[in-house]
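Q: coordinates only, sequence not included:
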Ligand SMILES: CSCCC(=O)C(=O)COP(=O)(O)O
Ligand SMILES: [Zn+2]
């Protein structure tokens with residue numbers, strides 16, 4: 001098999017598997033969420049727009065260039081492709097990006113009006129880059145939702161380099177990344193666990 005085709009197939013399989021796992025956890029209702037990975041030749045493999053992420057087939061994964069343009073113009077990549085491309089452009093070590101719409105990220109981000117959600121004292125914080133202790137604060141930036149993804153990307157851009165656990169778009173969902181798909185999934189699972197804990201604590205206090 002041609003090397004570029006084999007590489008795309010490998011990425012597509014990782015993405016299909018990630019979609020199934022995110023769906024099992026309830027993080028991608030209906031057609032929500034999008035998933036991508038960086039291929040060895042620099043192309044980005046990403047989900048087609050409008051697919052259910054729990055039922056992806058490998059041909060629901062297409063390739064785009066670093067500016068988000070599909071290599072085959074007949075393909076319509078995720079509406080949020082620019083946010084994935086931005087993460088790859090600004091973080092050369094990143095190999096996979098995940099976006100989900102969990103209940104916890106949606107509700108918490110609508111309730112917290114501050115510019116960031118602060119997590120502290122949780123052991124699971126250590127799943128994030130550079131974190132070695134529970135005894136620290138992690139800020140997850142909260143950005144207002146915007147249907148203009150290019151404009152939203154310009155708002156997010158200055159925060160790269162100081163987002164150890166990704167970011168949340170208000171009333172919408174989370175973005176996380178990792179050096180490969182397994183690491184990105186572990187980070188997403190860690191973040192979703194912490195968001196669920198925060199939601200429970202806030203409900204108990206109300
Ligand atoms: C029904 S969810 C609305 C769109 C969205 O936020 C999303 O994550 C999925 O968009 P895509 O174009 O990647 O399918
Ligand atoms: Zn979304």
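A: That came in fine, so what should we check first? These numbers were taken from a predicted model, which means no experiment stands behind them. Ligands and ions are numbered 1, 2, ... in the order given.
Q: and the spatially closest residue to residue 53 that is not a sequence neighbour, how many neighbours?
A: Distances taken as C-beta to C-beta, 6 or more residues apart in numbering put residue 19 closest to residue 53, at 3.7 Å, once the chain neighbours are dropped. No exception for glycine: its C-beta is placed from N, CA and C like everyone else's. The burial count assigned to residue 19 is 25, neighbours taken as other C-beta atoms under 10 Å.
Q: repeat for residue 147
A: So residue 147, with other C-beta under 10 Å, has 7 neighbours.
Q: count the residues that sit near residue 97.
A: 27.
Q: buried set for the helix or strand encompassing the residue nearest to residue 53?
A: Taking DSSP states H and E as the criterion, residue 19 maps to helix 3-24. For helix 3-24, a neighbour-count test (16 or more other C-beta atoms under 10 Å) marks 7, 8, 11, 12, 14, 15, 16, 18, 19, 21, 22, 23 as buried.
Q: over to stretch 35-49?
A: By 16+ other C-beta under 10 Å, the buried positions in stretch 35-49 come out as 35, 36, 37, 38, 39, 43, 44, 45, 46, 47, 48, 49.
Q: pretty sure the fifth one is touching residue 9, no?
A: What that stands for is residue 39. No - here residue 39 does not reach residue 9: they are 10.2 Å apart, not a contact under C-beta atoms under 8 Å.
Q: and the top helix by length along the chain, is it in reach of ligand 1?
A: Assignment by DSSP state H gives helix 181-205 as the longest helix of the chain. No - taking C-beta under 6 Å from any ligand atom as the criterion, helix 181-205 and ligand 1 are apart, separated by no less than 13.8 Å.
Q: output the contacting helices and strands for that helix.
A: helix 3-24, strand 96-100, helix 103-111, strand 116-120, strand 173-178 (3 or more C-beta pairs under 8 Å, 6 or more residues apart in numbering; DSSP states H and E).
Q: now distance to ligand 1 too, for the ones you listed, in TSV please.
A: As requested, the helices and strands packed on helix 181-205 are exported to TSV (distance: least, C-beta to the nearest ligand atom, whole Å):
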stretch	distance to ligand 1
helix 3-24	11
strand 96-100	6
helix 103-111	11
strand 116-120	19
strand 173-178	7
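Q: for the ones you listed, give me JSON lines that also has distance to residue 195.
A: JSON lines is the format used below for the helices and strands packed on helix 181-205 (distance: least, C-beta to C-beta, whole Å):
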{"stretch": "helix 3-24", "distance to residue 195": "14"}
{"stretch": "strand 96-100", "distance to residue 195": "11"}
{"stretch": "helix 103-111", "distance to residue 195": "4"}
{"stretch": "strand 116-120", "distance to residue 195": "8"}
{"stretch": "strand 173-178", "distance to residue 195": "8"}
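Q: just for the protein, where's the confidence low?
A: Within the chain, no stretch has pLDDT under 70.
Q: can you list the buried residues in stretch 96-109?
A: For stretch 96-109, the buried set under the neighbour-count rule, 16+ other C-beta under 10 Å, comprises 96-102, 104-109.
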